[in-house]
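Q: model this:
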Amino acid sequence: MAEQKHLGRIKLQPGQSLFCLNMKTGEITDMGRPRQVNVEEGCVYRTALNRKSFMKKLFRQGIIKVVPKHED
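A: Below is the predicted model of the structure:
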């Protein structure tokens, strides 16, 4: 079994969800409101109201370079 260690805490505000961006594949996952998260290597985790605001936060922090206009 892999060793687990505490990396920190995130307090979710009412209405917010936890989102994950996999930097290798570019896939965004809405994790909802989990009590515990298994942190994966190469992923960025942030709280946001929705997917669009998550993308804006990543853009402002310089993690991504372009925010797509429309997602299908």
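
Q: Now Asn38: phi and psi?
A: phi -90, psi 110 (degrees, to the nearest 10).

Q: and it, what does it touch?
A: For Asn38, no contacting residues are found, by CB atoms under 8 Å, 6 or more residues apart in numbering. Where you see a C-beta, it was placed from the backbone N, CA and C, and this is true even at glycine.

Q: Show me the shaky parts of the protein.
A: 1-6, 68, 70-72 (pLDDT under 70).

Q: Mind jotting down where the helices sit in it?
A: 51-60 (DSSP state H).

Q: Tell me who's in contact with Leu12.
A: 18, 33, 47 are the contacts of Leu12 under CB under 8 Å, 6+ apart.

Q: now the last one: how far from Gln16?
A: Distance check for Thr47 against Gln16: by CB to CB, to the nearest Å, it reads 5 Å.

Q: Could you do Lys69 as well?
A: From Lys69 to Gln16 the distance is 24 Å (CB to CB).

Q: who has more neighbours, the two?
A: Gln16 (17 against 5; other CB atoms under 10 Å).

Q: show me what contacts the more buried one?
A: For Gln16, the contacting residues are 47-49, by CB under 8 Å, 6+ apart.

Q: what's the answer for Leu49, then?
A: 15-17.

Q: Neighbours of Val67, how many?
A: 11.

Q: Quick check, it in contact with Lys56.
A: Yes - assessed by CB atoms under 8 Å, Val67 is found in contact with Lys56 at 6.5 Å.

Q: Common neighbours of the two, please.
A: What both Val67 and Lys56 touch, as defined by CB under 8 Å, 6+ apart, is an empty set.

Q: Stretch 38-49 spans what distance, first to last residue?
A: 21 Å (CA to CA, to the nearest Å).

Q: er, stretch 13-32 I mean
A: 12 Å.

Q: buried ones in it?
A: 16-21 (16 or more other CB atoms under 10 Å).

Q: Tell me how far that stretch lies from the chain's centre.
A: 3 Å (CA atoms, centre = their mean, to the nearest Å).

Q: separation between Lys57 and Leu21?
A: Distance from Lys57 to Leu21, by CB to CB: 10 Å.
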